[in-house]
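Undergrad: Build me a structure from this.
(one chain, ligands or ions: 1)
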Amino acid sequence: MGLIICLIIVGAIVKINNEIRLPYVYIDGTPYIDVTEPSLSYHAVYDEIDRQLHLAVRDNLYIFTEGITVAQINEKFVPLKKNDFLTKNRNSYVTAEFLLKNEPKLFTKKPAYLLAKKQEAKEEIIEVAAAKQFTVEEVSQYFQTLRSPLKGAKADIFPSHIPGAPRTYRYGFHEGLDWYTYSAGTDVNRRTPVYAMGEGTVVRVDHEYKPYESERERKKDLAYCKTVQRTPQYILDKLRGRQVWVQFDNGMQARFAHLDLVSERLKVGSRVTEDTQVGYVGNSGTSGEVKKDDTELHLHVDLLIKGVLFWKGLSKEEIQHVVANELSQSL
Ligand SMILES: [Zn+2]
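TA: Residues are numbered from 1 along each chain as shown. This next block holds a predicted model:
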């Protein structure tokens, strides 16, 4: 990252097709919009702990996280080019190319204020996005089109393993479902294939995964979790290890985590079905990986509906019910 941002030239107006009137900077020859500059056309909130940017443009909400090559745009996961989103010196930059593609109206000759929302609107948009939840009936309905990611295996419903269970070592909560040998009803090891669960499109596949360099590096991140009393999003992503993310056609998303290997042929944009292998079970991102042993070998999958963790509105019992009845039966 450090090498990439070696040259920043500040300009006044970026011109692509002679129609752009936004403050911009050139970073290594690429035009970026500094979205942290006050503007009437959009509103940005950067969370320095999560290293995450919420950007509201008209009625659209974009969520970018440092180090993650997927953005959430409203209810969908969308792949990014590697440097579409950058942060430096507390400023956040999005490439003009990305904004031009997704928000062409920002770049027309129309005065920017016509597109503006009130300043207060930004907090509101972010709060509305965070407050979305689903009922047990809605979740069950969504789950019906999914199949188990491990053939012949059941997801864990131990109270300490279900989503929402505390994870004190990182001052956060468990966000997904787990499959371990002792609870899945089948052996789960590095030769266990992981399947894509349903019809959708790959938005992220970690072919060039870089593990923590040492146990010490990982502990440093965990110590920071303690300092801020939560798990920052960019750290949570490192703790998930090698991943594949899928945007399902039914509006759901999956993050397959801790993988040992990902399928060679899989690319961003690849179409998948319940029978497509995305990789093999592993323990990447866990303490077992940095200790170079087989502890913590398991599959972890986060499931979201329209960009929201499916379990946010459910009680413990409802989560157990949905996981046991919908997902484990669909083998
Ligand atoms: Zn887990």
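
Undergrad: Dig out what the residue of the chain found nearest the ion forms beta bridges with.
TA: Closest contact between the chain and the ion, by CB to the ion, is at His300 (3.4 Å). The way it works is simple: take the backbone N, C-alpha and C, and place the C-beta from them, glycine included. On the basis of DSSP bridges, His300 is bridged to Asp178, Ala257.

Undergrad: quick one: Tyr212 and Val290 touch, right?
TA: Yes - Tyr212 is within contact range of Val290, at 5.3 Å (criterion: CB atoms under 8 Å).

Undergrad: Tell me the residues that contact both of those two, please.
TA: Shared contacts of Tyr212 and Val290, defined by CB atoms under 8 Å, 6 or more residues apart in numbering, comprise Arg218.

Undergrad: What about Lys105, how many residues nearby?
TA: 12 (other CB atoms under 10 Å).

Undergrad: before we move on, what SS does it have?
TA: Recorded secondary structure, Lys105: helix (DSSP: H, G, I helix; E, B strand; the rest coil).

Undergrad: For it, give its distance to Phe98.
TA: In this view, Lys105 and Phe98 are 14 Å apart by CB to CB, to the nearest Å.

Undergrad: before we move on, what about Arg191?
TA: 39 Å.

Undergrad: okay, the two: which has more neighbours?
TA: Applying other CB under 10 Å to Arg191 and Phe98 shows that Phe98 carries more neighbours, namely 20 against 9.

Undergrad: now for the strand or helix carrying that one, which elements pack on it?
TA: Element membership of Phe98 [criterion: DSSP states H and E] is helix 96-102. Judged by 3 or more CB pairs under 8 Å, 6 or more residues apart in numbering; DSSP states H and E, the packing partners of helix 96-102 are strand 30-34.

Undergrad: And the strand it packs on, how far out from the chain middle?
TA: Remark: strand 30-34 is offset 23 Å from the chain centroid, using CA atoms, centre = their mean, to the nearest Å.

Undergrad: Ok, stretch 176-187 next?
TA: How far stretch 176-187 lies from its chain's middle: 23 Å, per CA atoms, centre = their mean.

Undergrad: same check, this time on stretch 204-222
TA: Relative to the centre of its chain, stretch 204-222 is centred 16 Å away, using CA atoms, centre = their mean.
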